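**Q** sharing a sequence plus its predicted fold:
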Amino acid sequence: MVELLFWPALVAYGEAAVAFAGATRRPGRAGRLATWGVRFGWLAQTGLLIAQAAGAGRSPWTTWAGSLNLFVWLVVSAYLFWGCRSRFRLLGLAVMPLAAILFLLAYAGGGTDEAAGSRYSSLFLAVHVGLVSVGFAGLTLAAALAGLYLWQERRLKRHESAILRVPLPPLLTLDELTARTIAVSLPALTLGIAVGLIRLARDGGSPDALMAVTLAAWGLYGAFLVLRFGLGWRGRRVAYVAVAGFVLVLAVHFGLPLTHFS
Amino acid sequence: MTSLVLIGTSYRIAPVELREKMAVTEERAGELARVLAADGYEAVCLSTCNRTELYLAAEDPAVAERTGVALLAGIAGLDTDEVLPRLYRLHDEAAALHLFRVAAGLDSLVPGEAEILGQVRGAAEQGAPGRLLDRLFSQALHAGRKARAETAIGESPASVSSAAAALAEQVFGDLCSSSVLLVGAGKVGELAARSLAARGARIAFVAGRRRERAEEVAREFRGRAVAIDGLAEVLSQVDVVVSSTSAPGTVVRSQDVAQAVGGRRGRPLFLIDLAVPRDVDSVVNEIDGCYLYDIDDLEAVVAETLAGRRREAERAEEIASEEAERFCAWHASLDVVPAIASLRAWAEEVRAAELAKADGRLARLSDGERRVVETVTAAIVNKLLHPPTVRLKEAAVTADGSSYADAVRDLFGLGDDDGSQGRIPRQ
């Protein structure tokens, strides 16, 4: 059953990624095809997660690959909020290739099979991994928005003549959305980290490098909010902070199998 | 069969001197159409700054063509021989395709321009269309809308002023909360200001060397006139600066802009320099949060969008051709429609007559049973007539259409297209 849902989802995400690339040359039909790819893929992946959970009777993110599967679903879900509006379609140019690649990695790691057992309790996994994944998904989307901001800013500065042929969301909108997305995502990440730290203190474990990187990412995004809303920073400088934070998010994701799921 | 005839001229084959002589207002175009209608034509006259065209539907296309040429020559005040080389004369499918291309903006100076669709609609409303031209113009409007909806032919700006406004939207999005400083109160700047105002921007300040002119423009936009040497004070209060003075040197200095940007808490500043020589110090584009476009930059954007429109035009051409084919299929079906109508009317008459004859024998039936008999006999007639009806409609788009129609009339003893019926066969 899970195989039947995995492949259509992957093909749809892949189709969306390719169609978004085509939409930069010929907006319109390619953009619509991409949006339908995202919708169809998301539905198939939702079915996959439900089938995984129903088959095992527990949350499907008991492994690193399983958590990656959830992460991809959350990123695509967050994208669907904006991606259906034609103005934000090209956000998919940053989101969908990443989603397709990570989803394939999740499959290679067995994260799309029926959920395996774990040394962590089911409740802990659901709360900690769930919250951290929600936070990271939002921050991934914020990084994609910041990436679009930097691209649009560069096009305006360089006076690219094709700027109106492939319209991106306006600079101010991208700047605003990046900040808001981080403001919404950071509390979820904060709660997820807090749950992890409480469990660590209760079980007497010791902190590891991955936790340090996670806290560094949290600190960086916290600094972003202070700079943006406290000191009124806008534009390119804060966009760079959002992208830098995402590098740490990726580091955490790819470090997970070495520390937490080894 | 009624033919479609188009006689017209456009910027493609006639100089402006001739076009302006043939140009008429929408009202006058309507009057001309009604004059032609009095002579038995369906007529619509389309007159814009780039073209004057007469669309006629007539039984005799040659006579209609001569009438149209004479009318256009009369409007221009010239002899027929003088205008004839500058006129195109198209019939039926070619005429329909031409109008669909016009409505789609494919025959315009700027491909995809939007005004033409309204002008086509206006011409049809003012004209004297009958069945043929009514259908032609409805379908032309449909083709025009479809071309714009399914291609990007009309999406990008086609002038420097509209490109400037579209670029401002790329920075600020909705311009409703953006304010504009207009430096120089000349026509060029005013045009750009109008484009920005049309998209919701507020023209807050107007600075000009001539105070009276600046005040006049400021009043028009409900803004405030400021002295040109007081620009530094208002730069921090606006989002967009449009400059188009004839000053020989720099009017908007980089140090003033840098100072203004410092007080904007990161909000970008978009500057449009339409002047030659340039008004705004080019270093401004290097200031963080400032975007400066000069006339060359804007013209490059317009050239690119026009090239994009031309690429989209290929797809719009397909739409116009498809619609022209559909129109021609409908037009051809007009040839067989009277024969089909006569056949069906005759069959219905036969059915009604046979039922009337059997009325005595059906008297014992209840109302419900009588309704069943009515329904069954009507169904039999419909089923019998369905295949020949379909076949006639299919044949209508081929050269055999009228032969089939004649055969049906002959076989069933039907009357001519004037509606006279054949005799009901007696048993």
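**A** Everything's here; your move.

**Q** state the mean pLDDT of stretch B:303-311.
**A** Stretch B:303-311 carries an average pLDDT of 85.

**Q** cool, stretch B:186-204 as well?
**A** So the average pLDDT for stretch B:186-204 ends up being 91.

**Q** what sits against whichever residue of the stretch 251-400 of chain B sits closest to chain A?
**A** Nearest to chain A in the stretch 251-400 of chain B, going by C-beta to the nearest C-beta, is B:G266, at a distance of 2.8 Å. All C-beta atoms are positioned from the backbone trio N, CA, C, and that covers glycine. By C-beta atoms under 8 Å, 6 or more residues apart in numbering or on different chains, B:G266 lies in contact with A:G232, A:W233, A:R234, A:G235, B:G289.

**Q** B:L181 too?
**A** B:L181 neighbours (C-beta under 8 Å, 6+ apart): B:A204, B:F205, B:V206, B:A207, B:L231, B:V234, B:L235, B:V238, B:V240, B:V241, B:V242.

**Q** in what helix or strand does B:K383 lie?
**A** helix B:367-396 (DSSP states H and E).

**Q** tell me the pLDDT of the residue of the stretch 151-262 of chain A found nearest chain B.
**A** Closest to chain B within the stretch 151-262 of chain A is A:R234: 2.8 Å, counting by C-beta to the nearest C-beta. Here the pLDDT value assigned to A:R234 is 88.

**Q** what's the burial count for it?
**A** 22 (other C-beta atoms under 10 Å in any protein chain shown).

**Q** ok, the one 3 residues further on next?
**A** Here the number of neighbours of A:R237 (other C-beta under 10 Å) works out to 13.

**Q** within range of chain B, give me the residues from the stretch 101-250 of chain A.
**A** A:152, A:156-157, A:159, A:161-165, A:167-173, A:232-236 (C-beta under 8 Å from any C-beta of the partner chain).

**Q** before we move on, back to that, from the contacts of B:G266, pick the one nearest B:Y11.
**A** The shortest gap between B:Y11 and any of the contacts of B:G266 belongs to B:G289, at 44.1 Å (C-beta to C-beta).

**Q** how about the closest one, what does it touch?
**A** A:R234, A:G235, B:V261, B:R264, B:G266, B:R267, B:P268, B:L269.

**Q** burial of the residue in the stretch 1-150 of chain B that chain A sits nearest to, as a residue count?
**A** As assessed by C-beta to the nearest C-beta, chain A sits closest to B:E150 within the stretch 1-150 of chain B, at 8.1 Å. As a burial measure, B:E150 scores 15 neighbours (other C-beta under 10 Å).

**Q** mind listing what it touches?
**A** B:E150 neighbours (C-beta under 8 Å, 6+ apart): B:R315, B:I319.

**Q** if we go to 7 Å?
**A** B:I319 (C-beta atoms under 7 Å, 6 or more residues apart in numbering or on different chains).

**Q** and what of B:M22?
**A** Here B:M22 is in contact with B:T9, B:T52, B:L72, B:I75, B:A76 (C-beta under 7 Å, 6+ apart).

**Q** so of these, which ones are in helices?
**A** Among the contacts of B:M22, the residues falling in helices (DSSP state H) are B:L72, B:I75, B:A76.

**Q** closest to B:G30 out of the residues you listed?
**A** The nearest one, if we look at these relative to B:G30 and count by C-beta to C-beta, is B:I75, at 13.8 Å.

**Q** isn't that closest one up against B:V24?
**A** Yes: judged on C-beta atoms under 7 Å, B:I75 makes contact with B:V24 at a distance of 6.4 Å.

**Q** for A:P97, which non-adjacent residue is closest in space?
**A** In space, A:P97 comes closest to A:A17 once its chain neighbours are excluded; the distance is 4.3 Å by C-beta to C-beta, 6 or more residues apart in numbering or on different chains.

**Q** helix/strand/coil for that neighbour?
**A** Under DSSP: H, G, I helix; E, B strand; the rest coil, A:A17 falls in the helix class.

**Q** distance check, B:A197 against chain A.
**A** With distances taken as C-beta to the nearest C-beta, to the nearest Å, B:A197 is found 18 Å from chain A.

**Q** so what's that residue up against?
**A** B:I203, B:F221.

**Q** and the helix or strand A:V72 falls within, how far out from the chain's middle?
**A** Element membership for A:V72, per DSSP H and E: helix A:64-83. Once both centres are worked out by C-alpha atoms, centre = their mean, to the nearest Å, helix A:64-83 turns out to sit 6 Å from its chain's centre.

**Q** counting by contacts, list what that helix packs against.
**A** Contact partners of helix A:64-83 among helices and strands, from 3 or more C-beta pairs under 7 Å, 6 or more residues apart in numbering or on different chains; DSSP states H and E: helix A:29-56, helix A:91-108, helix A:130-157, helix A:236-259.

**Q** count the neighbours of residue 125 for me.
**A** You didn't pick a chain, so chain A it is. A:L125 - counted by other C-beta under 10 Å - has 20 other residues nearby.

**Q** please refer instead to chain B.
**A** For B:E125, using other C-beta under 10 Å, the count is 12.

**Q** now do the SS call for B:Q237.
**A** Secondary structure, three-state DSSP: B:Q237 is coil.

**Q** quick one: B:L362 is in a strand?
**A** No: applying three-state DSSP, one finds B:L362 to be coil, outside a strand.

**Q** who's in contact with it?
**A** Per C-beta under 7 Å, 6+ apart, neighbours of B:L362: B:R370, B:V373.

**Q** now swap in B:L87 and tell me
**A** So B:L87 contacts B:I7, B:G8, B:T9, B:V69, B:L72 (C-beta under 7 Å, 6+ apart).

**Q** ok, now with 8 Å
**A** Contacts of B:L87 (C-beta under 8 Å, 6+ apart): B:I7, B:G8, B:T9, B:I13, B:V69, B:L72.

**Q** just the closest of those to B:V283, please.
**A** Among the contacts of B:L87, and counting by C-beta to C-beta, the member closest to B:V283 is B:I13, at 49.6 Å.

**Q** for the helix holding B:K383, which positions count as buried?
**A** For helix B:367-396, burial by neighbour count (16 or more other C-beta atoms under 10 Å in any protein chain shown) applies to B:T377, B:L385, B:P388, B:T389, B:L392, B:K393, B:A395, B:A396.

**Q** fine by me, we can end here.
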